[in-house]
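*Asks:* generate coordinates for the sequence data below:
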Amino acid sequence: MKLIFIYALIIAFFTACSNDTNSNSGNNQPSIVSNALATGASANHILSNNQFKSMVIELTYIDGYAPSTTTINNLQSFLENRVNKPNGITIEQHQIVPPGNSNYTIDDIVAIENTHRINFNTNDKIAIWILFLDGEAASNTESSLTLGTAYLNTSFVVYENTIHDLSNSAFEPNRSDLETTVVLHEFGHLLGLTNLGTQMQNNHEDIDHPKHCNEENCLMYYAAETGSGVMNMVSGGTIPQLDTQCIADLQANGGK
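*Replies:* This next block holds a predicted model:
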């Protein structure tokens, strides 16, 4: 029997460090280095059309753990409303062989990305990698679960198996709503929210949960570590949205 606290929506972030600059080769060839920077480092490049006029999003998943069509459509709409990419946003899907893990460390995830990632930044197109896994985060405990982690400037992981576990019955959240919330929240970290590469126009960072918004109804809020916290976020088929302060931050950094 599941205890109520397993519903805690703990959406963690991992910041990787690099001394390299986010630059491209200038001849429209892939630039792998520019996709291996700290989380939030490419916020302006993702949001604006100053350098990258288009975006490709690579959704990579284990068989049986692909994101729903609803989630993919929600992601497309979210990005079209928030980023400036006049030459369009393309979403690709790729299935990979199960690595065979029941849980995954960030090192495991980076190794999977290094093996399977296809798209990297070119001269005018920025590339995003999203991995949907068949296992859970190695950092999970009996009282807390990680549903997603943004670990590089253009990369994040969704622990799809955990989302399945939390949305298998009529008494649990709608799967697409929960999945969409995790995907958009983690993409928000790539966009530099909150105070993670996109400068705040007003101070709204949660001092108790850094890099998250202090508005409890905002998509970027660090949800309470209780069942009621996550249930409230996705109750009634309502997917949390960015609040006005987060939107103002994105607009000031080249977004819509």
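*Asks:* tell me the helices and strands packed up against the longest helix along the chain.
*Replies:* Counting by DSSP state H, the longest helix found in the chain is helix 175-190. If contacts are counted by 3 or more C-beta pairs under 8 Å, 6 or more residues apart in numbering; DSSP states H and E, helix 175-190 sits against strand 10-13, helix 69-82, strand 125-132, strand 146-152, strand 155-158, helix 160-165, helix 227-234. C-beta here means a position set from N, CA and C on the backbone, and glycine is covered the same way.
*Asks:* can we see that at 10 Å?
*Replies:* Judged by 3 or more C-beta pairs under 10 Å, 6 or more residues apart in numbering; DSSP states H and E, the packing partners of helix 175-190 are strand 10-13, helix 43-47, helix 69-82, strand 125-132, strand 146-152, strand 155-158, helix 160-165, helix 227-234.
*Asks:* between these, which gets nearest to residue 197?
*Replies:* helix 43-47 (3.9 Å; C-beta to C-beta).
*Asks:* worst mean pLDDT among the helices and strands packed on helix 175-190?
*Replies:* Between the helices and strands packed on helix 175-190, the one with the least mean pLDDT is strand 10-13; it has a mean of 40.
*Asks:* any stretches of the stretch 151-256 of the chain with poor pLDDT?
*Replies:* Residue ranges of the stretch 151-256 of the chain with pLDDT under 70: 224-232.
*Asks:* go again using 90 as the cut-off
*Replies:* Within the stretch 151-256 of the chain, the ranges that satisfy pLDDT under 90 run 166-174, 216-217, 222-238.
*Asks:* gap between the two ends of stretch 239-254?
*Replies:* Start-to-end span of stretch 239-254 (C-alpha to C-alpha, to the nearest Å) is 25 Å.
*Asks:* now stretch 60-70: buried residues?
*Replies:* Within stretch 60-70, the residues scored as buried using 16 or more other C-beta atoms under 10 Å are 60, 61, 62, 65, 66, 67.
*Asks:* before we move on, what about stretch 109-116?
*Replies:* For stretch 109-116, a neighbour-count test (16+ other C-beta under 10 Å) marks 109, 110, 112, 113, 116 as buried.
*Asks:* how far away is the second one from residue 140?
*Replies:* Same thing as residue 110. Distance, residue 110 to residue 140, using C-beta to C-beta, to the nearest Å: 18 Å.
*Asks:* equivalent analysis for residue 66, please.
*Replies:* In terms of C-beta to C-beta, residue 66 sits 22 Å off from residue 140.
*Asks:* same question for residue 152.
*Replies:* Taken as C-beta to C-beta, the span from residue 152 to residue 140 is 21 Å.
*Asks:* neighbour count for those two, which is higher?
*Replies:* The neighbour comparison of residue 152 against residue 140 (other C-beta atoms under 10 Å) goes to residue 152, with 24 against 17.
*Asks:* from what I can see the more buried one touches residue 110, true?
*Replies:* Yes. Using C-beta atoms under 10 Å, residue 152 is in contact with residue 110, at 7.9 Å.
*Asks:* now do the contacts for residue 54.
*Replies:* Applying C-beta atoms under 10 Å, 6 or more residues apart in numbering to residue 54 gives the contacts 85, 86, 87, 88, 89, 90, 122, 124, 125, 126, 127.
*Asks:* most widely separated two among those?
*Replies:* 86 and 127 (17.0 Å).
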